[in-house]
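Engineer: whatever this is, show me its structure:
(chains A and B, ligands or ions: 1)
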Amino acid sequence: MSVKQNPLRKYIRDGNLPHFFCSGCGCGQVLNYFLKAVDDLDMNLDEIVTIGGVGCTARIPVYLSTDTFHGVHGRTLAWATGIKLYKPELKVVIFAGDGDLVSIGGNHFLHAMRRNLDVTVILVNNFNFAMTGGQVAPTTLFDSITMTTPYGSKENCLDICKLAETAGATYVSRWNTDKPMQSVNSIKKALQHKGFSLVEIMSQCPTNFGRYSLKTGDTKKVLDWIVDKSVPKAKAEKMSNEDLADKFVIGEFVHTEKPVFLGTTVYNQDEK
Amino acid sequence: MIDKENNWNQKRLKTGVHFMLGNYAAVEGALAAGCDYFAGYPITPANEISERMSQRLPEVGGVFVQGEDELFSIYSVASAALAGAKAMTATASAGFNYMQEGIGYASAVEAPCVILNVQRCRGENFATHADVMQMRWGASGDYETICLAPSSAQELFDYTLLGFNLAEKYRNPVIIMSETTIALMRERVLVPSYDEIEIVNRAYTDLQPDAYLPFKAEENAPPPMAPLGKGYHTLYTLNYHNEDGSIEWDPKGYDKLYKRITGKIWENRKDICRTEGYLLDDAETVIITYGSEVRPAMDAVRMAREDGQKIGLLKLVTVWPVPEEDIREVAKGVKKVYALEMNIGKYAREIERVCSRYCTVERITKNQGIIHTKDEIYQAIKG
Ligand SMILES: Cc1ncc(C[n+]2csc(CCOP(=O)(O)OP(=O)(O)O)c2C)c(N)n1
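Structural biologist: Numbers count the residues shown, from 1 in each chain, chains lettered A, B, ... in the order given. From the prediction side, this is the model:
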């Protein structure tokens, strides 16, 4: 009797399943979206280096059959730069949690975008530090209850896509796990893009964000919360700032071309 | 990676005699070794290294990048090294603090790389050996570093070159322990010719991806590397990793991994460690020192010899791992050892540990941001 296998199974590192994500976690979906994009584009995983820092999201590349860097918090873009400058022919894809990317790794993020490093960042925004047990993150909404904001968060949250746009990223989009087609399409565009590409995918974390902030561990309810707050870009353009205050705009924000980073100073034989 | 036989660019090597800044000499030593990736962040008194690298590396086909901080420097150096580069960064004490995290990573994944640290006094650019212990175990987790201590511009050239070779041979970070004294000094530097330079390159596997296990190695030895982007699918993680790279926890495997990672340095210390002895044959007392303190110590030994005192000097080229055998050999034949250094007395503990069974140990320390004068040392060792 033959057992049917998921066609994307061939991209998974042998012996690594089952994965360690909680049931209901969006990381598995994002992993699938990425592999679907790779498969649709018929890309060779041998030529892709995947990177994760630490965190739940950062585990995604550990399951992939690729050369992979993992295990240090927030330094993904420093690793990516070393690889891209030395071996520009390799493609580099980073999977980062919001804490990894913009809290501890914020400075590297800013400067990699400013330089237009040729790398794809897939950001899984679950609105909290999940792996450490649900603490407040730079993406946590004002007044939210988390494990370190028992009286509500008095910190303003960051719109990472807006930051990326300002800092010089050349491809920027945001979706949620409820938008698989859009997510896959954006990842495909990002993978084909020459320059810094950011795809933010807002994702449900029922175990920590759900239970502490939304008082529910129910996956669907946590996802509904995200979906209810997601406003397509075209609609958002007609809304007031006040109405948008608690909302997440989804869509594609930036898609431009700029020279990519090859080093801080580059010797050109022909000019000398 | 630069292959000396096939694509060595002659611009790399400035063969001849130069009157050269210590920091520049380190750059030339790195280039001679085949360095083709450098990342740095501005800090005095290491700036001239970045500045000269920014000019020299691109013209020989290498990559120069000035990062946003020292964490960037060390991680991009580690990843470039795993991508095949002979990679280096340079900093001074405050920046070296930040690099500890990445040195821990480079040690865990066995990334060959060179880190040059020009020690300075907490925010001030005065001379010191205050960071000598940090060179060894500044990061969390188990590892052993190789640390070399030059005492002149010439040795900044020589030891940086040697540092790359040791990094490649043992797949380990190597630290060049520089100091303000020599980094900012101009002296005679002899750059050897192409034929006089020995280059060591890391071993790559000859196995096909299916048969290759990235962290399977002989006892006390580094594993052969696999090229990046060629289907070997290596996982380079800080987490505990099995021979195949997977991160499933195995208590015995953890023990074994770090026995090997530390053992490949510690158990090979006879190959790694270098010392130089002066006037040791008939010596009854000996100064043991490292770095720029070797210079006034040598003068003081000559002065004391003129008085008829039977004194010698043991210079530690390798500070970590501790050259225990050489130190012990000296201690066995003398009445007293002087542990000379420019701090509150740190490496002295290692010298005491090794020597106390055989002879007395007396510390000569100075912690004023100024190197010992020969007279100060002469006074201290005068019978
Ligand atoms: C230097 C360092 N600081 C802190 C930690 C602890 N830590 C582990 S994961 C994590 C962040 C998790 O949040 P995020 O990056 O948003 O990823 P998520 O787990 O939510 O996917 C932290 C702070 C660490 N491993 N290393």
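Engineer: and B:Tyr24, what is it in contact with?
Structural biologist: Listed by Cβ atoms under 8 Å, 6 or more residues apart in numbering or on different chains, the contact set of B:Tyr24 reads B:48-49, B:52. For every residue, glycine as well, the C-beta is placed using N, CA and C.
Engineer: geometric centre of chain A: which residue is closest?
Structural biologist: A:Leu123 (1.1 Å; Cα atoms, centre = their mean).
Engineer: would you verify that that residue is located in a strand?
Structural biologist: Yes. Counting by DSSP: H, G, I helix; E, B strand; the rest coil, A:Leu123 is located in a strand.
Engineer: and B:Asp250, what does it touch?
Structural biologist: Here B:Asp250 is in contact with B:240, B:242 (Cβ under 8 Å, 6+ apart).
Engineer: get me the contact residues on the stretch 1-150 of chain B for chain A.
Structural biologist: Contact residues (Cβ under 8 Å from any Cβ of the partner chain) of the stretch 1-150 of chain B with chain A: B:36-37, B:39, B:54, B:58-59, B:63-69, B:71-72, B:74-85, B:87, B:101-102, B:105, B:108.
Engineer: now with 7 Å, please.
Structural biologist: Residues of the stretch 1-150 of chain B lying close to chain A (Cβ under 7 Å from any Cβ of the partner chain) are B:37, B:54, B:58-59, B:63-66, B:68-69, B:71-72, B:75-80, B:83-85, B:101, B:105.
Engineer: so what's the residue nearest to the centre of chain A up against?
Structural biologist: Contact analysis of A:Leu123 by Cβ atoms under 7 Å, 6 or more residues apart in numbering or on different chains lists A:96, A:98, A:101, A:160, A:198-201.
Engineer: buried among the residues of the stretch 1-150 of chain B next to chain A? Need that as a selection in PyMOL.
Structural biologist: Paste this into PyMOL to select the buried members of those, with burial taken from 16 or more other Cβ atoms under 10 Å in any protein chain shown:
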select buried, chain B and resi 37+54+58+63+64+65+66+68+71+72+75+76+77+78+79+80+83+84+85+101+105
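Engineer: among the residues of the stretch 1-150 of chain B next to chain A, which are located in strands?
Structural biologist: B:37, B:63-66 (DSSP state E).
Engineer: tell me which stretches of the stretch 151-272 of chain A form helices.
Structural biologist: Per DSSP state H, counting those that start in this stretch, the stretch 151-272 of chain A carries helices over the ranges A:160-167, A:180-192, A:219-229, A:233-236, A:241-244.
Engineer: and the ones you listed as JSON lines, adding mean neighbour count and mean pLDDT?
Structural biologist: Shown next, in JSON lines, are those (neighbours: other Cβ atoms under 10 Å in any protein chain shown; pLDDT from 0 to 100):
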{"stretch": "helix A:160-167", "mean neighbour count": "19", "mean pLDDT": "98"}
{"stretch": "helix A:180-192", "mean neighbour count": "20", "mean pLDDT": "98"}
{"stretch": "helix A:219-229", "mean neighbour count": "17", "mean pLDDT": "98"}
{"stretch": "helix A:233-236", "mean neighbour count": "13", "mean pLDDT": "98"}
{"stretch": "helix A:241-244", "mean neighbour count": "10", "mean pLDDT": "94"}
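Engineer: nearest to chain B, of these?
Structural biologist: Chain B sits nearest to helix A:160-167 of all the helices of the stretch 151-272 of chain A, at 12.0 Å, using Cβ to the nearest Cβ.
Engineer: how about residues contacting the closest one?
Structural biologist: With Cβ under 7 Å, 6+ apart as the criterion, helix A:160-167 contacts A:98, A:102, A:110, A:113-114, A:123, A:125, A:172, A:174, A:198, A:200, A:253-254.
Engineer: and B:Ser270, that's in a helix?
Structural biologist: For the record, residue B:270 is Lys, not Ser. Yes. Under three-state DSSP, B:Lys270 sits within a helix.
Engineer: got a list of contacts for the lowest-mean-pLDDT helix or strand in chain A?
Structural biologist: Within chain A, judged by mean pLDDT, DSSP states H and E, the helix or strand with the poorest mean is helix A:241-244; its value is a mean of 94. Helix A:241-244 is contacted by residues A:Ala236 when judged by Cβ under 7 Å, 6+ apart.
Engineer: where does chain B get nearest to the ligand, which residue?
Structural biologist: Relative to the ligand, the nearest point of chain B is B:Glu101 (7.0 Å; Cβ to the nearest ligand atom).
Engineer: for that residue, what are its contacts?
Structural biologist: Applying Cβ under 7 Å, 6+ apart, the residues contacting B:Glu101 are A:72, B:71, B:139.
Engineer: ranges for the strands of chain A?
Structural biologist: Under DSSP E, chain A gives strands at A:48-52, A:67-70, A:91-97, A:120-125, A:171-176, A:197-202, A:230-232, A:248-255.
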